[in-house]
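Visitor: Here's my sequence, what's the structure:
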Amino acid sequence: MTATISISIFHQWLLADPASKASACAIILHGIDTGGAEQVIQEIAEYLNEYDDDGDGRWLPATRELVEKIARDPNHRRLLGMDEAAPYPLGNAEDEFQKTIAALGRRGHVVFKSPGVSEEELDLEGAFHAGIGDAIRIPEPCHVILNPALIDQKCISHIVGDVFLEWLHCEMRRSSPIQDIR
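Guide: Next up is the predicted model:
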């Protein structure tokens with residue numbers, strides 16, 4: 001997917017209503033290698049755009065390329081409620097990437113690869129965490145962990161999407177405060 005198409009999807013996503021407090025703000029992928037993450041992010045967003053009736057087709061695949069483009073553009077930063085005049089120096093690009101991911105996540109209906117910082121640093125309440133890889137190598141607590149060596153690659157995005165939707169609509173989750181299982 002080219003950057004132009006990605007930005008177009010970003011603009012459509014931005015024009016939609018933000019996620020409600022009842023829905024999860026983001027799906028964060030852990031453990032997946034960078035090469036495979038882009039495709040899985042895209043596939044999960046496509047799957048949810050088709051099957052998440054409450055999402056109204058507004059799930060955004062926040063690929064690294066898209067997030068970096070948003071982080072560099074003052075207009076896009078402003079639309080997300082970020083400091084528009086924060087062109088980052090060369091040494092701070094990763095910090096701005098993390099701030100942009102967090103801003104996208106707070107807006108809701110977004111899928112992205114974990115930037116490798118704690119949940120507290122991202123400040124995303126109600127996010128769904130999916131681990132993709134060997135469970136021993138995924139230190140973060142996840143709602144679901146899939147080992148791609150034991151499952152058909154084409155099924156991963158569908159399983160993550162289905163488990164997310166079940167979790168999202170689980171009455172127990174909605175009626176009680178989120179508890180940390182660490």
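Visitor: Spit out the contact partners of the one residue sitting closest to the centre of the chain.
Guide: For the chain, V111 is the residue whose C-alpha lies nearest the centre (Cα atoms, centre = their mean; 2.6 Å). Taking Cβ atoms under 8 Å, 6 or more residues apart in numbering as the contact definition, V111 lies against A26, I27, L29, I41, I44, A45, L48, W59, L60, P61, A62. C-beta here means a position set from N, CA and C on the backbone, and glycine is covered the same way.
Visitor: If we use 6 Å, what do you get?
Guide: Counting by Cβ atoms under 6 Å, 6 or more residues apart in numbering, V111 makes contact with I27, I41, I44, A45, P61.
Visitor: Please, which helix or strand holds it?
Guide: Assigned by DSSP states H and E, V111 belongs to strand 110-113.
Visitor: in the next helix or strand after that strand, what's buried?
Guide: Using DSSP H and E, the helix or strand that follows strand 110-113 towards the C-terminus is helix 119-122. For helix 119-122, a neighbour-count test (16 or more other Cβ atoms under 10 Å) marks L122 as buried.
Visitor: So what touches helix 119-122?
Guide: A102.
Visitor: how about the helices in the protein?
Guide: 3-15, 34-51, 64-72, 74-79, 93-107, 119-122, 156-168, 171-175 (DSSP state H).
Visitor: Can you lay out those as TSV showing mean pLDDT and distance to E140?
Guide: Output for the helices of the chain, formatted as TSV (pLDDT from 0 to 100; distance: least, Cβ to Cβ, whole Å):
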stretch	mean pLDDT	distance to E140
helix 3-15	67	25
helix 34-51	91	15
helix 64-72	90	19
helix 74-79	87	27
helix 93-107	89	15
helix 119-122	78	8
helix 156-168	95	15
helix 171-175	65	19
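Visitor: hang on, the earlier thing: can you name the residues bridging to the residue nearest to the centre of the chain?
Guide: With DSSP bridges as the criterion, V111 is bridged to I27, P61.
Visitor: And the pLDDT for it?
Guide: V111 is assigned 96 on the pLDDT scale.
Visitor: ok, now how distant is it from Q98?
Guide: Between V111 and Q98 the distance, using Cβ to Cβ, to the nearest Å, works out to 16 Å.
Visitor: residues contacting F112?
Guide: So F112 contacts A62, I101 (Cβ under 6 Å, 6+ apart).
Visitor: what's the answer for R106, then?
Guide: Applying Cβ under 6 Å, 6+ apart, no residues contact R106.
Visitor: ok, it to D162 distance?
Guide: For R106, the distance to D162 - Cβ to Cβ - is 25 Å.
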